[in-house]
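Participant: Need coordinates for the below:
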Amino acid sequence: MKKMLGVLLAAVIFALGGCGRETQADPVETVVIPPVNMETDDQQEKEPDQEEVSDREEISDHSKTESDEDQEQIVEHSQIADAAEKGEHADLSQRVEQKLAEMTLAEKVAQMFILTPESLTGYSQVTQAGPSTEQALEQYPVGGLVYFSANLESAEQVKKMTAGQQQYAMKRIGLPLFLAIDEEGGAITRIASSGLFDVPSFEPMPQIGASKDPDRAYEVGSTIGAYLDELGFNLDFAPVADVLTNDQNTVVKNRSFGTDPKLVSKMVRAQLRGLQDQGVYGCVKHFPGHGATTADTHAGYAYTDKTWEQLRESELIPFADAIGQGVSFLMVGHISLPAVTGSDEPASCSETIIQEKLRDTMGYDGIVLTDGLKMKAITDHYTSAQMAVKFVQAGGDILLEPENFQAAYDGILQAVADGTISEERIDESVRRILRIKLSILEEE
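Facilitator: As a prediction, the model looks like this:
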């Protein structure tokens, strides 16, 4: 689609007397080019006086100026571009359906997991892509891998590891892995805070938010995106879209952009653009908003007693705006919302929250993934199999690091076998995953 739109844009510019230039990245070595800020001079237009207006009204509709002809050309090219874009979407949909038809049920279910390299291979620490990784991906072609400090030793080591893992995945199933990391900037950074990489560090996000400068948030996203892309990552579990509405909150206190939902929204969207401009997908978190809680879901049960209407006035604003911007990944937290769901069920396995509110009401059709599933808010109440099944039934797509991957994976397969979950429901999630992965392949 990008190539087609580039050709059409060049044609429009040529028709108007301009010129265009197309650049193509080297297929082997990625060169990060800083985004160019294109600004045009303010056009000064005087207000026409009444005599000029009268003169213009007297111009016959049958009289056609050069400007009219140029405008018609622009409209015509725009219509062609729209048709081309629709054609590209149709082509992507066809390729998604073709790939889906080629996959077994087991392969489709495996794509619905993002694991640590250790969970995949069974090793206590993984810092390279070796035979064990290749064998594990052969058996379980999972959707992605998530990395923590123990996996990171140096830039060259990380590049070699991520490249090898991608090579194995492509060989096994013809799809790239989502290679993910928590690199929010500020307090939560696996790379910048390690001391092992020559990359910039940023102040905590509350300070970025206090600047009230979205350009600063964009800089955070763009800078992080550039070095993540260089190291082989394509998915960042950031930005944090939580609005800090409870001053007793400790979970996102040093990670949220602040207390003003509109300001948080501006910062979130700017950081997302920064990541995206460097070829890295962002993932807004933790829906529907962790800023109103006091407890930490890492340690156990956490809840907010706000109603949906109250959440709409604050916590939901950054998420709604990110959805409007076209965000592809959204992480659902493990917080409970009894005033919305009528139970203590975590949002991450609630059909009311994911399917009814997020998808049906807010119109989100991107990838929904869980927060980390080893948190006590989940493990204290559900087995890995139970949580996996509930999440899929609720409308979710990707399970992030379950306590017991094998049990969760087998649990979904068994649920399909006994009719608890339909294969059509599995296909819905895999279509969303394939749309992104096939687009990644197209851009390479």
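Participant: where exactly do the strands run in the stretch 51-200 of the chain?
Facilitator: Defined through DSSP state E, counting those that start in this stretch, the strands belonging to the stretch 51-200 of the chain, from first to last, are 113-115, 144-147, 178-181, 183-185, 188-189.
Participant: In contact with Arg172, which residues?
Facilitator: Leu137, Glu138, Pro141 (C-beta atoms under 8 Å, 6 or more residues apart in numbering). Where C-beta positions appear, they are placed from N, C-alpha and C, glycine not excepted.
Participant: what sits against the second one?
Facilitator: Pointing back at Glu138 there. Residues in contact with Glu138, defined by C-beta under 8 Å, 6+ apart, are Tyr168, Arg172.
Participant: State the pLDDT value of it.
Facilitator: The predicted local confidence for Glu138 comes out at a pLDDT of 98.
Participant: Of all the strands of the stretch 51-200 of the chain, which one comes closest to Met205?
Facilitator: Evaluated over the strands of the stretch 51-200 of the chain, closeness to Met205 peaks at strand 183-185, with 6.4 Å, by C-beta to C-beta.
Participant: Walk me through which strands that closest one pairs with, and which way each runs.
Facilitator: Its sheet considered, strand 183-185 pairs with strand 188-189 (antiparallel) by DSSP bridges.
Participant: What's the first helix or strand after the strand it pairs with?
Facilitator: Downstream of strand 188-189, the first helix or strand assigned by DSSP states H and E is helix 205-210.
Participant: For that next one, which outside residues touch it?
Facilitator: Contacts made with helix 205-210 from outside it, assessed by C-beta under 8 Å, 6+ apart, are listed as 184-187, 202, 216-217, 220, 239-240, 244, 253-258, 263-264, 267.
Participant: average pLDDT for it?
Facilitator: 96.
Participant: Tell me the first helix or strand C-terminal of that helix.
Facilitator: Secondary structure here is assigned by DSSP H and E; on that basis, the next helix or strand after helix 205-210 toward the C-terminus is helix 214-231.
Participant: name the helices or strands packed onto that next one?
Facilitator: If you count contacts as 3 or more C-beta pairs under 8 Å, 6 or more residues apart in numbering; DSSP states H and E, helix 214-231 packs onto helix 155-173, strand 183-185, helix 205-210, strand 235-236, helix 261-277.
Participant: tell me the angle the last one makes with helix 214-231.
Facilitator: Following axes from the mean of the first three to the mean of the last three C-alpha atoms, to 10 degrees, one obtains 30 degrees for the angle between helix 261-277 and helix 214-231.
Participant: quick revisit: now the helices and strands packed on helix 214-231 in TSV, with distance to Ser384?
Facilitator: As requested, the helices and strands packed on helix 214-231 are exported to TSV (distance: least, C-beta to C-beta, whole Å):
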stretch	distance to Ser384
helix 155-173	23
strand 183-185	27
helix 205-210	32
strand 235-236	22
helix 261-277	30
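Participant: Tell me which of these lies nearest to Tyr147.
Facilitator: Taking C-beta to C-beta as the measure, the helices and strands packed on helix 214-231 were each checked against Tyr147, and helix 155-173 came out nearest at 8.1 Å.
Participant: Nearest to Leu105, out of the helices and strands packed on helix 214-231?
Facilitator: For the helices and strands packed on helix 214-231, the distance to Leu105 is smallest for helix 155-173, at 13.6 Å, taking C-beta to C-beta.
Participant: tell me the angle that closest one makes with helix 214-231.
Facilitator: 70 degrees.
Participant: Quick one: distance of stretch 431-444 to the chain centre.
Facilitator: In terms of C-alpha atoms, centre = their mean, to the nearest Å, the centre of stretch 431-444 is set 12 Å apart from its chain centre.
Participant: Tell me the confidence at the nearest residue to Ser336 once chain neighbours are set aside?
Facilitator: With C-beta to C-beta, 6 or more residues apart in numbering as the measure, Tyr303 is the residue that lies nearest to Ser336, at 4.0 Å, once sequence neighbours are left out. Looking at Tyr303, its pLDDT is 86.
Participant: How much space separates Tyr303 from Pro346?
Facilitator: Distance, Tyr303 to Pro346, using C-beta to C-beta, to the nearest Å: 9 Å.
Participant: Can you check which residues contact both of the two?
Facilitator: Among the neighbours of Tyr303, those also in contact with Pro346 (C-beta under 8 Å, 6+ apart) are Ile335, Ser336.
Participant: Of those two, which one has the most company?
Facilitator: More crowded of Tyr303 and Pro346, by other C-beta atoms under 10 Å: Pro346, with 30 against 19.
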